[in-house]
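1. how does the following fold in three dimensions:
(one chain, ligands or ions: 1)
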Amino acid sequence: MADIKNKYPENKKGKFYVDRECIACDACVLTAPDNFGMDENDGHAFVKEQPATPEGEDLCREAMEGCPVEAIGNNGDEEE
Ligand code: F3S
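-> This is a model prediction of the structure:
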């Protein structure tokens, strides 16, 4: 499970986020291209848009479950 304390500042505020475990494998960007983007300079993904529909939410969850290093979290709403 990703750690909210290690999330990248680029993540759009909200439920989903990418943390510093990301190895830039690109899987989340391919699974949910509307929601995940790649910071090519720094070599990691980030959430560029939180899902706005149930379908988008499903894709983000799929991306989270498919991440090989568990760098995606969905407890971003618990942040202050
Ligand atoms: Fe990184 Fe996992 Fe996406 S390694 S690129 S957060 S699928």
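2. C-alpha only now, for contacts and for neighbours.
-> Fine.
3. Lys5: how many residues sit nearby?
-> Neighbours of Lys5 under the rule other Cα atoms under 10 Å: 10.
4. got the contact list for stretch 56-69?
-> 16, 21-23, 27-28, 31-32, 35, 51, 70-74 (Cα atoms under 8 Å, 6 or more residues apart in numbering).
5. low-confidence ranges, this structure, go.
-> Low-confidence segments of the chain (pLDDT under 70): 79-80.
6. got the residues of it near the ligand?
-> Within the chain, the residues that sit near the ligand (Cα under 6 Å from any ligand atom) are 18, 22-28, 44-45, 67-69, 71-72.
7. please redo it, this time with the cut-off set to 5 Å
-> Taking Cα under 5 Å from any ligand atom as the contact definition, the chain meets the ligand at Cys22, Ile23, Ala24, Cys25, Asp26, Ala27, Cys28, Ala45, Cys67, Ala71.
8. with adjacent residues omitted, what lies nearest to Glu78?
-> Spatial nearest neighbour of Glu78, excluding adjacent residues (Cα to Cα, 6 or more residues apart in numbering): Lys15 at 7.9 Å.
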